[in-house]
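A.B. asks: Structural data only, the sequence is not supplied:
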DNA sequence: CCAAAAGTGTTAGTGATACACCCATGT
DNA sequence: ACATGGGTGTATCACTAACACTTTTGG
């Protein structure tokens, strides 16, 4: 080859979590130009000897201390002028972390990183607002077609925990009876036999996901007609 | 900046069409190493001054003479060893063209390009088999959630034409009455008032898509529960 | 009048929605 | 005994699926 153009390739990760019944995204305050002092999605450049997924996992670990988590690739952003420093294309990823593990973040030496409500997003560097909006709409789709919420919950959880997760992400109220019927029909969770007692009321049964890894919900979803 | 790694970025396009009731993909026979003589998806490297979409459109036009067509970005492929020449990431796109326009292809000076049935795909260069499989499954999803079939049909078409398109892509037989009921309910097409007479039988009404551009089918699709 | 594709309705079953009360516990 | 959240069933409605005959034309 020889005259093949070379371009810098970055990954940007939209990390979601739920804190206080609010959907939050991890944002980093930039210390350097361009967009110094502005919030941005965590991310960084892809090294020559690592895949896109590896790069995203490495950056996520560097920023949050969280490792081994599921990352979903979303989109490649390639506008010529999206980075004022020069030609940079960015591949975006989505990740979800359990809000318990998030405490690891504050013990890390990551610079000014913060969990920001998706409903109070400040002006972001680069095209990161677009990237984030895309990730959010992808998240809302994913929770309806995969078991991805397992990433947001502790291993054992109650049906109320699960319903709240859906409600927070979809930003709606759901009917308790219908939600339970539907979730049971999807056959993605199983009773543990244990209960969780918490507060002055009847204890709740706890559940675990049958698949402990990300998996599409087998064809309960629209197949078109026959 | 300075020590930011630079990577070659390519686009690869899976172009579908229907010929003789068979779903075909455009493949190019490679004239150069690596994988010389082997079939591959059309594509090429992204220039510094063009977006990913522009690059895909340019490559598509160079290979097929077809321009102004809808291209959908699918995925970024970034394995370290996917190209033996060095580090290359590739962003894949999908395109559909009307089989009438395909004739433009053979009049072009494109080198050995061929429409190959998706059921008879030979060994492909690079990771193009994976890229193609991904595109095919995306296509099957897209025709159920968008009006993308408008790219495959002439402007005016009959319901039988439309049904055959779905059948060929989904590789199933569909019930005529149920298909028509469903399509009407989706409200994506409109009668032209004209008819198409062809052969010794009753003439068929013709239809056009209400949106003449790619559009998602407004929320007839699963919204999850309330 | 025959061949060929176009066009059309009904029924049964399945899944979605709306909705209200009793249960088990701690204090 | 009361406050709190956990847990459950039914009736209606909308959509999906299965299925066969009549219509219009050219030859």
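C.D. replies: Thanks, I have it. Not measured: the values here are computed from a predicted model.
A.B. asks: hmm, who's touching stretch A:68-76?
C.D. replies: Identification of contacts with stretch A:68-76 by Cβ atoms under 8 Å, 6 or more residues apart in numbering or on different chains yields A:13-14, A:52-53, A:56-57, A:60, A:89-97, A:131, A:134-135, A:138, A:142, A:148, A:151, A:213-214, B:52, B:73, B:75-76, B:91. The C-beta positions use only the backbone N, C-alpha and C, and glycine is treated the same way.
A.B. asks: So which of the residues you listed belong to strands?
C.D. replies: A:13-14, A:89-96, B:73, B:75-76, B:91 (DSSP state E).
A.B. asks: can you put these in JSON lines and add pLDDT?
C.D. replies: JSON lines is the format used below for the ones in strands among the contacts of stretch A:68-76 (pLDDT from 0 to 100):
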{"residue": "A:13", "pLDDT": "98"}
{"residue": "A:14", "pLDDT": "98"}
{"residue": "A:89", "pLDDT": "98"}
{"residue": "A:90", "pLDDT": "98"}
{"residue": "A:91", "pLDDT": "98"}
{"residue": "A:92", "pLDDT": "98"}
{"residue": "A:93", "pLDDT": "98"}
{"residue": "A:94", "pLDDT": "98"}
{"residue": "A:95", "pLDDT": "96"}
{"residue": "A:96", "pLDDT": "96"}
{"residue": "B:73", "pLDDT": "98"}
{"residue": "B:75", "pLDDT": "98"}
{"residue": "B:76", "pLDDT": "98"}
{"residue": "B:91", "pLDDT": "98"}
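A.B. asks: what's the helix or strand for residue A:195?
C.D. replies: strand A:189-196 (DSSP states H and E).
A.B. asks: follow-up on the earlier one: now the contacts of stretch A:68-76: which count as buried?
C.D. replies: Buried by 16 or more other Cβ atoms under 10 Å in any protein chain shown: A:13-14, A:52-53, A:56-57, A:60, A:89-97, A:131, A:134-135, A:138, A:142, A:148, A:151, A:214, B:52, B:73, B:75-76, B:91, out of the contacts of stretch A:68-76.
A.B. asks: sorry, back to before: overlap between the contacts of stretch A:68-76 and the residues near DNA strand D?
C.D. replies: By Cβ under 7 Å from any atom of the strand, no member of the contacts of stretch A:68-76 lies near DNA strand D.
A.B. asks: thinking again about what came up before, neighbouring strands of the strand holding residue A:195 in the sheet, and parallel or not?
C.D. replies: strand A:204-209 (antiparallel) (DSSP bridges).
A.B. asks: The partner strand vs DNA strand C: in contact?
C.D. replies: No: between strand A:204-209 and DNA strand C, judged by Cβ under 7 Å from any atom of the strand, nothing touches; the nearest distance is 10.1 Å.
A.B. asks: got the residues of chain A near DNA strand C?
C.D. replies: A:175-178, A:181-182, A:185, A:197, A:199-203.
A.B. asks: who wins for neighbours among these?
C.D. replies: The residue in the residues of chain A next to DNA strand C with the most neighbours, by other Cβ atoms under 10 Å in any protein chain shown, is residue A:182 (15 neighbours).
A.B. asks: Pretty sure that residue sits in a strand.
C.D. replies: No: Residue A:182: not assigned to a strand; according to DSSP: H, G, I helix; E, B strand; the rest coil it is helix.
A.B. asks: How much space separates residue A:205 from chain B?
C.D. replies: 21 Å (Cβ to the nearest Cβ, to the nearest Å).
A.B. asks: In contact with that residue, which residues?
C.D. replies: A:158-159, A:191-192, A:194-196.
A.B. asks: Determine which two of these are furthest apart.
C.D. replies: A:159 and A:194 (13.5 Å; Cβ to Cβ).
A.B. asks: Comparing these two, which residue is more hemmed in?
C.D. replies: The neighbour count for residue A:159 versus residue A:194, taken as other Cβ under 10 Å, is higher for residue A:159 (18 against 12).
A.B. asks: phi, psi of the more buried one?
C.D. replies: Dihedral pair for residue A:159: phi -60, psi -30, per degrees, to the nearest 10.
A.B. asks: That one and residue A:207 touch, don't they?
C.D. replies: Yes: using Cβ atoms under 8 Å, residue A:159 is in contact with residue A:207, at 6.7 Å.
A.B. asks: Quick check: residues of chain A near DNA strand D?
C.D. replies: Close to DNA strand D, as judged by Cβ under 7 Å from any atom of the strand, chain A has residues A:158-160, A:176-178, A:180-181, A:195, A:199-205, A:223, A:225-226.
A.B. asks: Go ahead and confirm residue A:197 touches residue A:203.
C.D. replies: Yes: the pair residue A:197 / residue A:203 is scored as a contact, 4.2 Å apart, by Cβ under 8 Å.
A.B. asks: What residues are bridge-paired with residue A:17?
C.D. replies: residue A:24.
A.B. asks: quick one, what contacts it?
C.D. replies: When contacts are counted by Cβ under 8 Å, 6+ apart, residue A:17 touches A:23-24, A:26, A:96-99, A:102, A:115, A:152.
A.B. asks: among these, who's most crowded?
C.D. replies: Highest neighbour count within these: residue A:96, with 26 neighbours (other Cβ under 10 Å).
A.B. asks: So in terms of bridging, what pairs with that one?
C.D. replies: residue A:16.
A.B. asks: Can you give me the buried ones in the helix or strand containing residue A:9?
C.D. replies: Using DSSP H and E, residue A:9 sits in strand A:6-19. By 16+ other Cβ under 10 Å, the buried positions in strand A:6-19 come out as A:7-18.
A.B. asks: and the gap between the nearest residue to residue A:40 once chain neighbours are set aside and residue A:136?
C.D. replies: In space, residue A:40 comes closest to residue A:125 once its chain neighbours are excluded; the distance is 3.9 Å by Cβ to Cβ, 6 or more residues apart in numbering or on different chains. Distance, residue A:125 to residue A:136, using Cβ to Cβ, to the nearest Å: 18 Å.
A.B. asks: The residues of chain A next to DNA strand C in strands, which ones?
C.D. replies: Using DSSP E, none of the residues of chain A next to DNA strand C sit in strands.
A.B. asks: I'd say residue A:127 and residue A:78 touch.
C.D. replies: No: the pair residue A:127 / residue A:78 is not scored as a contact, 10.2 Å apart, by Cβ under 8 Å.
A.B. asks: Helix or strand with the lowest mean pLDDT in chain A?
C.D. replies: In chain A, no helix or strand scores lower on mean pLDDT, DSSP states H and E than helix A:103-107, which sits at a mean of 54.
A.B. asks: I'd like the next helix or strand past that one.
C.D. replies: strand A:113-117.
A.B. asks: for that following strand, packing partners?
C.D. replies: Applying 3 or more Cβ pairs under 8 Å, 6 or more residues apart in numbering or on different chains; DSSP states H and E, we find strand A:113-117 packed against strand A:22-29.
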